[in-house]
Every structure is written in structure tokens, then in C-alpha cells.
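A.B. asks: Sharing a model that was predicted from the sequence below.
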Amino acid sequence: MASYRIRQYREQDYETVRTLFARGILEHAPAVYRHVLRSARAQLGLLVLFAAVWAAAGYWVLGLGSVALALAATWLLARTFTRAPDSGFWVAGAGGAVVGIVAATQPEDPAERGVALELKRMSVSKDYRGRGLSKALCREVLRFARARGYEAVVLSTTVVQVAAQQLYEGQGFREV
């Protein structure tokens, strides 16, 4: 079992963190697409979007570019998590490399603000999975929340991320 160290994000981690996050998102893309595409409503929506982009621009390649832009738009810079009140961003390092990330911030739901923090952006390099790193990152967020007097930590994940669901359930989270 390789040793690792969890620490606060530093500005020089940016490129590595961004790459790790993007790989984590893209890893689940095929399963998410298969899940979404089973819905007739989703199929119709995607067809309309594709037709609209193609009609407006005349190029189907722009549709592919929009996927890249959507991915970039979902990446909230770690700076956001390090500057907002009661927020944090941690990296797990092993062998001199960043191999895991996690963030905590105020929940989007106004009813949960001040009562709970939200765990976000959990991602661990494939080569370091199964070594307790995700559990350690999760515990870091829980420790951070307790130290600030929060009653709960909330999160969301997709139905295709079964391993993540099992991890969170093992850490005491429950589906609501």
C-alpha cells in the first residue's frame, strides 16, 4: 500500500488537479450517456440541440466543441473553494504527484446553508484506487465540517457511479 499525504490545494497544483478532475468526469461519460439515452425525452432533447447547432452554424463539429465547453464550464476552479467562506479544497499526494482531490463548500440549496457543507469534486487517480484514499479524502471533509460546527455534510452523485455510492454509504452517508 502506497503512502499518501492530504494537504490544502496550492496554486501550483492547478494543471494536475484540472487534468485529474477531467479524467474522472470523462471516465463515467459512456455510462452516463447510456443511462441518459435510454430516456426518449433525453433523445429528443439531444436531437433538437444537435439540429439547432447544425442549423445555426452549418457544422456538426461545433457540437463536439460544445461538449468540451460544457466540461470546462463544470470545472469550478479550486480557487473558488479556497476563497469562499467555510470552503476548502484538498489534494492527496503520493510519490510527489497529486493523485486525489476533494472540495467542500456551501450547499447550493439555501435551506442547507449554515447547517451543512457540501462535498464536491471527489476524484482519485485510477492507479491509486482501492487504497483507502477516497475514504481519507471523505474523512477530511467530515473533519473540516465538524471543526466549523456543521451538523451535516451533503453530496450528490450519479446513478452510474456505483463505487462512489458504496464509498459514501460506508462513510455513513444515506440517500435522501
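C.D. replies: Right, received. Where do you want to start?

A.B. asks: quick one: Val115 from Gln106, how far?
C.D. replies: From Val115 across to Gln106, the span is 10 Å (C-beta to C-beta, to the nearest Å). Bear in mind the C-beta positions are built from the backbone N, C-alpha and C, glycine included.

A.B. asks: typed the wrong thing, it's Thr16
C.D. replies: Distance, Thr16 to Gln106, by C-beta to C-beta: 26 Å.

A.B. asks: Pull up the gap between Leu133 and Gln161, please.
C.D. replies: 16 Å.

A.B. asks: Neighbour count: the two, which is higher?
C.D. replies: Leu133 (21 against 17; other C-beta atoms under 10 Å).

A.B. asks: quick one: low-confidence parts of this structure?
C.D. replies: Within the chain, the set of residues satisfying pLDDT under 70 comprises 1-2, 25-51, 53-79, 158-160.

A.B. asks: try it again with 50
C.D. replies: Across the chain, the ranges flagged by pLDDT under 50 are 73-75.

A.B. asks: What segments of it are helices?
C.D. replies: If DSSP state H is used as the criterion, the helices of the chain fall at 14-37, 40-57, 61-74, 78-83, 133-147, 162-170.

A.B. asks: OK, contacts around Arg23?
C.D. replies: Applying C-beta atoms under 8 Å, 6 or more residues apart in numbering to Arg23 gives the contacts Ser123, Ser125.

A.B. asks: I'd like the numbering to begin with 53 instead of 1 from here.
C.D. replies: Sure thing, new numbering starts at 53, so read that last one as Arg75.
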